[in-house]
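K.L.:
A structural model of the following input is requested.
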Amino acid sequence: MLENEIRGTAEPEPIDNRLFVLVLQHPQEKREMLATAAATCAALRRAALVVGLSRPNLARALGRPADPGQWAVLYLGSARPAAFGLEREIVALDRGGRPPAEQDAMLRGLEGVVLLDGSWSEAKTLWWRNPWLLRLRRLVLNPPHPSRFGRVRREPRREALSTLEAVALLLKHLDGGPELEAALLNRLDRLIGEARTARPAQARKAVRSNL
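P.N.:
Next comes the predicted model:
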């Protein structure tokens, strides 16, 4: 920390969020250069990253007792949020994958939210390997803009966001408002900038290694 401060590159203090963020990360996602789960959890005071394919229940994943009725899980699956015709950036779904009329009630009183970190197929694997997720309230995102990754990393669907972007949008509505969202997205912009700088260097290194 002191070395970073001397260089003028000290990391900002963690954001004091109320809503706990639990990220379940597929083991293979750690190999991705642009994986944002670790950066997300480092940016938040109340967050945890758990790597693995399955846990027996929410309490074991979280490492402490927890009431599943006060938690939600973000999982897009086959849902098409824009098709619901709701002017909402966060949509709660029932067991049948449809949005109930009591949207505000579904989002009220949450203690925490679980996110599945991985590719499209990896997130699906985590969903099916952890049946206790069905006991949580299910949320999907209907973001106003596509992912900021753009050409750096292409997302499979418009609604698909990086973990950091998804958490920023969730906390914007369920916790600290636009200021908290902006603080997280600023960190994402820095990660994207670093990735764009690193990629040409990696490409040059690969060329030299093949000579």
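
K.L.:
count of neighbours near residue 193?
P.N.:
Using other CB atoms under 10 Å, residue 193 has 11 neighbouring residues. The C-beta positions use only the backbone N, C-alpha and C, and glycine is treated the same way.

K.L.:
what's the answer for the one 3 residues further on, then?
P.N.:
Residue 196: 12 surrounding residues under other CB under 10 Å.

K.L.:
Okay, and it sits in which element?
P.N.:
Of the helices and strands defined by DSSP states H and E, residue 196 is found in helix 178-209.

K.L.:
so where's the chain shaky on pLDDT?
P.N.:
The chain contains residues with pLDDT under 70 at 1-11, 31-34, 150-158, 198-211.

K.L.:
Return the backbone torsion pair for residue 76.
P.N.:
Backbone torsions for residue 76, taken as degrees, to the nearest 10, come to phi -80, psi -50.

K.L.:
SS state for the residue lying closest to it once chain neighbours are set aside?
P.N.:
Excluding its sequence neighbours, the residue lying closest to residue 76 (CB to CB, 6 or more residues apart in numbering) is residue 140, at 5.2 Å. Here residue 140 takes the strand state, with states given by DSSP: H, G, I helix; E, B strand; the rest coil.

K.L.:
does residue 140 really touch residue 75, like I thought?
P.N.:
Yes: contact criterion CB atoms under 8 Å: residue 140 and residue 75 qualify, at 7.3 Å.

K.L.:
give me every residue that touches the residue nearest the centre of the chain.
P.N.:
Centroid-nearest residue in the chain: residue 163, 2.5 Å away (criterion: CA atoms, centre = their mean). Under the criterion of CB atoms under 8 Å, 6 or more residues apart in numbering, the neighbours of residue 163 are 23, 35, 36, 37, 40, 115, 117.

K.L.:
How about residue 180?
P.N.:
15, 17, 168, 171, 172.

K.L.:
Against residue 135, how distant is it?
P.N.:
Distance from residue 180 to residue 135, counting by CB to CB, to the nearest Å: 27 Å.

K.L.:
which residues of this protein fall in strands?
P.N.:
20-25, 47-51, 71-74, 90-93, 112-117, 137-141 (DSSP state E).

K.L.:
for the ones you listed, which one ends up most surrounded?
P.N.:
Neighbour counts (mean count of other CB atoms under 10 Å) averaged over each of the strands of the chain peak at strand 112-117, with a mean of 24.

K.L.:
Strand partners (parallel or antiparallel) of it?
P.N.:
strand 20-25 (parallel), strand 71-74 (parallel) (DSSP bridges).

K.L.:
now the last one: how far from the chain's centre is it?
P.N.:
In other words, strand 71-74. Centre-to-centre, strand 71-74 and its host chain are 11 Å apart (CA atoms, centre = their mean, to the nearest Å).

K.L.:
what's the answer for stretch 21-33, then?
P.N.:
With CA atoms, centre = their mean as the basis, stretch 21-33 stands 10 Å off its chain's centre.

K.L.:
Any idea which of the strands paired with strand 112-117 gets closest to residue 191?
P.N.:
Closest approach to residue 191 among these is made by strand 20-25 (15.5 Å; CB to CB).
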